[in-house]
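Undergrad: What shape does this take:
(4 chains)
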Number of protein chains: 2
Amino acid sequence: MFQALSDPTRRAVVERLSRSPASVSELAKPLAMSLPAVVQHLQLLEASGLVRSEKVGRVRTCRIEPRALRMAEQWINERRTSWERRFDRLGEYLAETRDEPSKRTKPRK
Amino acid sequence: MFQALSDPTRRAVVERLSRSPASVSELAKPLAMSLPAVVQHLQLLEASGLVRSEKVGRVRTCRIEPRALRMAEQWINERRTSWERRFDRLGEYLAETRDEPSKRTKPRK
DNA sequence: CCAATACTTAAGCACATGCTTAACCAATCG
DNA sequence: CGATTGGTTAAGCATGTGCTTAAGTATTGG
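TA: Numbers count the residues shown, from 1 in each chain, chains lettered A, B, ... in the order given. The predicted model follows:
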């Protein structure tokens, strides 16, 4: 999924789709590349779960899948907050042990 | 930055660093690859701003940079909420126009 | 029905990526 | 000191990625 978001073209597609669903050729229009190239990107986005699409008649309409985005968001959030919590505890520890030399020596185990 | 997060090894490193800072060889230990390979991943992570490191003596200590994570998180969040807001408005529209046939015909243009 | 539209499939190619090994440098340790 | 530890640099290689063009296949408007 991060794999899918790692390409600028695909992020542009996600950005476009975050506004409204669109057909393949609508998505391709602003992108300086051939239509098959765009389709390949869409296949990857769909495989990653970030985009869903369905074909009616001869036009395939693509829309974003917010659940996948939410998962990616959550992964990052967990790592970040995990670190920040640790950082906060360290701050508290430093505050507590300030001017307390007895607690500053040998805090290990 | 998403580029940096697109590799499983690098996500593992971020995961490890989200718990606590670590030296290069500590990071390398659980990874089934040579040390230079790990260093290359670290260089990429550092170039992306996700990780910061400093060398004291002969050991380089790496730590996570939460600001970069926050930015990635925010990018995803914006796209997701943009879509969900649109979705909500559509829901309202449908609710409003329910049982109002005059508004349901020819909404185009 | 015929042609235009909207993709789709397939093959191929250039460059990026993720490794490897070998050789090297600089701090420590005994 | 000389050996070890912790990391760095460089070169090379296999595979992956992001395109391309060419040649399809359905659908649909006139």
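Undergrad: burial measure for the residue of chain A at minimum distance from DNA strand D, as a count.
TA: Residue nearest to DNA strand D within chain A: A:G57 (2.3 Å; C-beta to the nearest atom of the strand). All C-beta spots, glycine's among them, are computed from the backbone N, C-alpha and C. The tally of other residues near A:G57 (other C-beta atoms under 10 Å in any protein chain shown) stands at 5.
Undergrad: what's the answer for A:S34, then?
TA: Neighbourhood size, A:S34 [other C-beta under 10 Å]: 10.
Undergrad: And for A:E78?
TA: Each residue near A:E78 was counted by other C-beta under 10 Å, and the total is 13.
Undergrad: What separation do you get for it and A:A72?
TA: To A:A72, A:E78 is 11 Å away according to C-beta to C-beta, to the nearest Å.
Undergrad: Now do the same contact list for A:M33.
TA: A:M33 sits next to A:T9 when contact means C-beta atoms under 8 Å, 6 or more residues apart in numbering or on different chains.
Undergrad: Would you mind measuring from it to A:H41?
TA: When distance is defined by C-beta to C-beta, A:M33 is 9 Å away from A:H41.
Undergrad: Now for these two: what residues contact both?
TA: Residues touching both A:M33 and A:H41 by C-beta under 8 Å, 6+ apart: A:T9.
Undergrad: and the residue positioned nearest the centre of chain A, what helix or strand is that in?
TA: The geometric centre of chain A, computed from its C-alpha atoms, lies nearest to A:A72 (C-alpha atoms, centre = their mean), at 4.3 Å. A:A72 is located in helix A:66-97, with elements delineated by DSSP states H and E.
Undergrad: show me the contacts for A:A68.
TA: Each residue near A:A68 by C-beta under 8 Å, 6+ apart is listed here: A:1, A:48-50.
Undergrad: swap in A:E84?
TA: Listed by C-beta under 8 Å, 6+ apart, the contact set of A:E84 reads B:P66.
Undergrad: just A:S53 next, same as before
TA: By C-beta under 8 Å, 6+ apart, the contact list for A:S53 reads A:42, A:46, A:60-63.
Undergrad: Phi first, then psi, for A:A32.
TA: Note on A:A32: its backbone torsions stand at phi -80, psi 70 [degrees, to the nearest 10].
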